[in-house]
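Colleague: Let me see the structure of the following:
(one chain, ligands or ions: 1)
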Amino acid sequence: MGMIMAIDVEKMKQRLETLRTELEDSLKQLPIAQPFPDNANAEDDTVGDTEDLAVDSQEMQQEQSIKQDQEYQLSEVKAALQRIQDGTYGRCVVDGAEIPVKRLEAIPWASRCIKDEEAWEQEQLRNAPSLPQDNQGTRFS
Ligand SMILES: [Zn+2]
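Modeller: Okay, the predicted model is just below:
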């Protein structure tokens, strides 16, 4: 029987709680999307406003995308805190395999072993081909 490096659950809990607070604060600061911001003078200067609108819309999409990422991460963090409470933290939610401590230290909210994470990511890519590739929050490197 080999030695298994124990997970410091208390430390992970603190990290996750800090992260949860940060994400919640950050989400509060993100503006709520409005379809046509600052559109009051659209009729006076059509060309300029069309460009402005395009930029605004792009910024808005970026903010929306950031918001969705953060909301997703927040839900992962909350789920991890729930697993700590349930005593199942550090185990893969798919097959119950132990998640390596190194992986948990890199991603405290990791819910799957590497094998299942890869399978899950492949599935996400199949279901949503436009999913951003640089979603570092869920990546293990
Ligand atoms: Zn697994």
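Colleague: and Lys115, what does it touch?
Modeller: Ala97 (C-beta atoms under 8 Å, 6 or more residues apart in numbering). Using the backbone N, CA and C atoms, a C-beta is placed for each residue, glycine as well.
Colleague: for stretch 96-115, which positions count as buried?
Modeller: Across stretch 96-115, burial judged by 16 or more other C-beta atoms under 10 Å covers 99-100, 103-104, 107-113.
Colleague: Tell me the one among the residues you listed nearest to Gln29.
Modeller: Taking C-beta to C-beta as the measure, Gln29 lies nearest Trp109 of these, at 21.3 Å.
Colleague: Pull the distance from whatever helix or strand Tyr72 lives in to the chain's centre.
Modeller: Take DSSP states H and E as the rule and Tyr72 turns out to sit in helix 46-86. With C-alpha atoms, centre = their mean, to the nearest Å as the basis, helix 46-86 stands 10 Å off its chain's centre.
Colleague: Same check on stretch 102-113?
Modeller: On C-alpha atoms, centre = their mean, the centre of stretch 102-113 falls 13 Å from that of its chain.
Colleague: List the contacts of it.
Modeller: Residues contacting stretch 102-113 (C-beta under 8 Å, 6+ apart): 7, 12, 15-16, 19, 73, 76-77, 79-80, 83, 90, 92-95, 97-100, 114, 117, 120, 138, 140-141.
Colleague: likewise stretch 12-31?
Modeller: For stretch 12-31, contacts defined as C-beta under 8 Å, 6+ apart pick out 63, 66-67, 70-71, 73-74, 77-78, 80-81, 84, 89, 104, 108-109.
Colleague: Could you write me a PyMOL select line covering just the buried ones among the residues you listed?
Modeller: To isolate in PyMOL the members of the contacts of stretch 12-31 that are buried, counting by 16+ other C-beta under 10 Å, one can use:
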select buried, resi 67+70+73+74+77+80+81+84+89+104+108+109
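Colleague: so which of the contacts of stretch 12-31 comes closest to the ion?
Modeller: The closest of these to the ion turns out to be Leu104 (C-beta to the ion; 13.3 Å).
Colleague: Could you give the number of residues near Lys13?
Modeller: Lys13: 16 surrounding residues under other C-beta atoms under 10 Å.
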